[in-house]
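Participant: what's the 3D shape of this:
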Amino acid sequence: MRKADGPLLPERPEDAATRERFSRMGWGLLISQLAGGAVQLLAVLAAKAFWCGLEERALFQWTILILANYGVGFPVFVKIIRTVPATPPRGRRPMGAFQLVHTWAMAFSAVLAGNLVTLWAGELLRRLTGWSMADPVQGLMAGPVVPRVLMTCVLAPVCEEVMFRGLLFSRLRPYGDRFAVLATALLFGLFHGNLSQMLYAMAFGLVLGDAAARTGCLWQCILIHSAVNALTGVLAPALTGSGAMGEGLLSLLAAIAVVWGAAGLAARLRQLAKAADRSGEERPWGLFFRNSGMCLFCLLTALLCISCLR
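Facilitator: Numbers count the residues shown, from 1 in each chain. All right, here's what the predicted structure looks like:
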């Protein structure tokens with residue numbers, strides 16, 4: 001039902017169709033997470049039953065995490081989302097090398113800003129309630145290098161960009177580029193399922209979504225995603241604690257990226273805020289969450305976030 005100037009009127013057929021599209025997207029994200037979580041749970045229970053102590057080994061944890069998320073969860077999502085019609089791809093306008101590196105700097109600045117806000121919010125939460133936000137991935141960062149590089153620099157960038165800036169973006173674009181950028185960034189943050197990563201993932205998703213809208217080149221989004229992950233998830237842990245020279249080099253690289261990227265990021269955000277959706281349709285934010293799939297996906301995300309509080 002929708003409200004006009006007078007009494008309630010029946011929902012328009014096009015609104016019902018839009019709601020159904022959004023619901024299928026939510027169901028795809030929800031079932032993908034549940035399938036991956038179920039695989040991890042079963043693997044841990046099997047390890048405890050047949051090989052005591054195996055579940056505590058870092059290599060086992062990384063292997064199960066990769067298989068659950070990208071061997072099970074990702075294919076499940078692809079299977080479901082393909083039931084939602086997609087718009088034909090537009091022409092590709094790839095960025096040049098300079099613009100590509102600049103966009104990487106913008107993305108790194110967005111991730112750093114989101115992480116700083118998260119740290120401040122976490123400290124405020126601790127002072128007010130005594131609760132702290134646990135990062136379920138942080139403990140794995142000191143694990144074996146090969147699976148860490150494989151996941152953070154290859155599998156996560158490829159699968160997540162195909163999911164969010166590929167399959168979801170092409171299905172949200174009929175409602176306008178700005179809506180598609182904002183909606184995929186929001187879903188990208190929620191999909192991480194914990195408060196420690198959610199804000200900076202949303203900020204990261206804004207830059208990647210904007211790049212996808214401007215260029216139509218998914219491979220460039222994958223490359224930017226991989227390069228940011230390589231710096232934050234591989235290079236930074238390796239240089240941190242390696243001595244004054246290593247930490248100084250990391251600080252210099254981060255400072256250059258932030259100074260160079262922050263101005264460009266601010267300009268792109270202003271343009272995004274002023275941009276008008278060209279679809280000619282009413283912004284469908286009300287329909288985006290008022291459906292079973294998205295509601296249940298958000299509920300699962302909330303439960304996962306609560307489970308990470310300590």
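Participant: I'd like to know how far the nearest residue to A213 once chain neighbours are set aside sits from T118.
Facilitator: Distances taken as CB to CB, 6 or more residues apart in numbering place D177 nearest to A213, at 4.5 Å, with adjacent residues excluded. Where C-beta positions appear, they are placed from N, C-alpha and C, glycine not excepted. Distance, D177 to T118, using CB to CB, to the nearest Å: 27 Å.
Participant: now do A107
Facilitator: Using CB to CB, one gets 16 Å for the distance from A107 to T118.
Participant: These two: who's more crowded?
Facilitator: A107 (26 against 20; other CB atoms under 10 Å).
Participant: got a list of what that one touches?
Facilitator: Applying CB atoms under 8 Å, 6 or more residues apart in numbering, we find A107 in contact with 204, 207-208, 224-225, 228, 261.
Participant: now M141
Facilitator: 148, 233, 237.
Participant: Let me have those in CSV, extended by distance to L100 and neighbour count.
Facilitator: Putting the contacts of M141 into CSV (distance: CB to CB, whole Å; neighbours: other CB atoms under 10 Å) gives the following:
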residue, distance to L100, neighbour count
R148, 25, 18
G233, 20, 19
P237, 25, 15
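Participant: Stretch 41-58: end-to-end distance?
Facilitator: 16 Å (CA to CA, to the nearest Å).
Participant: can you list contacts of it?
Facilitator: 60-61, 64, 67-68, 140, 142-144.
Participant: Report the buried residues of that stretch.
Facilitator: Within stretch 41-58, the residues that qualify as buried are 43-44, 47, counting by 16 or more other CB atoms under 10 Å.
Participant: Keep only those of those residues that are in strands.
Facilitator: Assignment to strands by DSSP state E places none of the buried residues of stretch 41-58 there.
Participant: circling back: among the contacts of stretch 41-58, which ones are in helices?
Facilitator: Taking DSSP state H, the ones among these that sit in helices are 60-61, 64.
Participant: Let's have the residues you listed in CSV, adding pLDDT, neighbour count and distance to W285.
Facilitator: As requested, those are exported to CSV (pLDDT from 0 to 100; neighbours: other CB atoms under 10 Å; distance: CB to CB, whole Å):
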residue, pLDDT, neighbour count, distance to W285
F60, 90, 16, 42
Q61, 90, 21, 38
I64, 94, 21, 37
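Participant: Redo those residues as TSV? Include distance to V78.
Facilitator: Formatted as TSV, the ones in helices among the contacts of stretch 41-58 follow (distance: CB to CB, whole Å):
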residue	distance to V78
F60	26
Q61	25
I64	21
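Participant: and of these, the nearest to T129?
Facilitator: For the ones in helices among the contacts of stretch 41-58, the minimum distance to T129 (CB to CB) is 29.3 Å, reached by Q61.
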